[in-house]
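In: The sequence and its predicted three-dimensional model are supplied below.
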Amino acid sequence: MKKICCFAGHSDLADTEEIYTRLLSTLENLVSEGSVTEFWVGNYGAFDRLSARAVREIKMKHPEIKSALVVPYLTSGINEYRDELQKDFDDIIIADIPPKTPKKLQIIKCNQYMVKSSQILVCYVKHSFGGAAKTLEYAEKRKDITVINLALE
């Protein structure tokens with residue numbers, strides 16, 4: 001059975017190597033325990049980049065794990081770099097969000113789509129404002145997802 005883990009975190013981070021070390025350890029534990037078979041990663045900030053890097057590293061040890069880049073819409077950049085992205089990810093998923101969603105809400109709706117589709121959210125949320133905080137708040141209201149906030153460790 002497919003078990004999905006998604007990510008949410010601030011677009012700007014300090015101490016990225018310390019966060020990366022905790023993130024990598026968390027992902028290794030989730031894979032080793034059998035809690036995750038697939039990782040869904042966004043494409044919009046520092047924590048997303050760290051998550052993608054950690055997933056690539058985990059896949060080197062566990063090639064059976066699947067990874068997907070999840071975006072709210074296709075951009076020319078994604079189309080332009082599709083071949084390169086497909087080296088890093090097994091799939092590119094366009095989030096199932098309402099077509100008339102205003103542009104400024106599309107990333108939030110994409111994050112909600114990932115949370116609804118996942119069993120685990122690994123996040124790095126230190127403050128109560130911004131998109132990452134809204135995603136964490138959305139996940140905490142759901143009963144069907146486990147939340148791991150690396151900022152609290």
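Out: Received the coordinates, thanks.
In: For the protein, which segments are assigned as helices?
Out: Applying DSSP state H to the chain gives helices spanning 16-32, 46-61, 76-80, 82-88, 103-117, 131-141.
In: Skip the chain neighbours and tell me the closest residue to residue 126.
Out: Once flanking residues are discounted, residue 126 sits nearest to residue 151: 4.4 Å by Cβ to Cβ, 6 or more residues apart in numbering. (C-beta placed from N, C-alpha, C; glycine too.)
In: To what extent is that neighbour buried, counted in neighbours?
Out: 17 (other Cβ atoms under 10 Å).
In: if I look at it, how far off is residue 10?
Out: 9 Å (Cβ to Cβ, to the nearest Å).
In: Flag whichever of the helices of the chain has the least confidence on average.
Out: Here the lowest mean pLDDT among the helices of the chain goes to helix 76-80, at a mean of 59.
In: Residue 140 versus residue 49, what's the distance?
Out: Distance, residue 49 to residue 140, using Cβ to Cβ: 24 Å.
In: and what of residue 41?
Out: 21 Å.
In: With mean neighbour count as extra columns, can I get the helices of the chain in TSV?
Out: Shown next, in TSV, are the helices of the chain (neighbours: other Cβ atoms under 10 Å):
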stretch	mean neighbour count
helix 16-32	17
helix 46-61	19
helix 76-80	11
helix 82-88	11
helix 103-117	18
helix 131-141	18
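In: what sits against residue 31?
Out: Contact analysis of residue 31 by Cβ atoms under 8 Å, 6 or more residues apart in numbering lists 58, 62, 65.
In: Ok, which of the helices of the chain comes nearest residue 69?
Out: helix 82-88 (5.9 Å; Cβ to Cβ).
In: Please tell me how far the spatially most distant residue from the centre of the chain sits from residue 71.
Out: In the chain, residue 100 marks the outermost C-alpha relative to the chain mean, sitting 23.6 Å out by Cα atoms, centre = their mean. Computed with Cβ to Cβ, the distance linking residue 100 and residue 71 is 18 Å.
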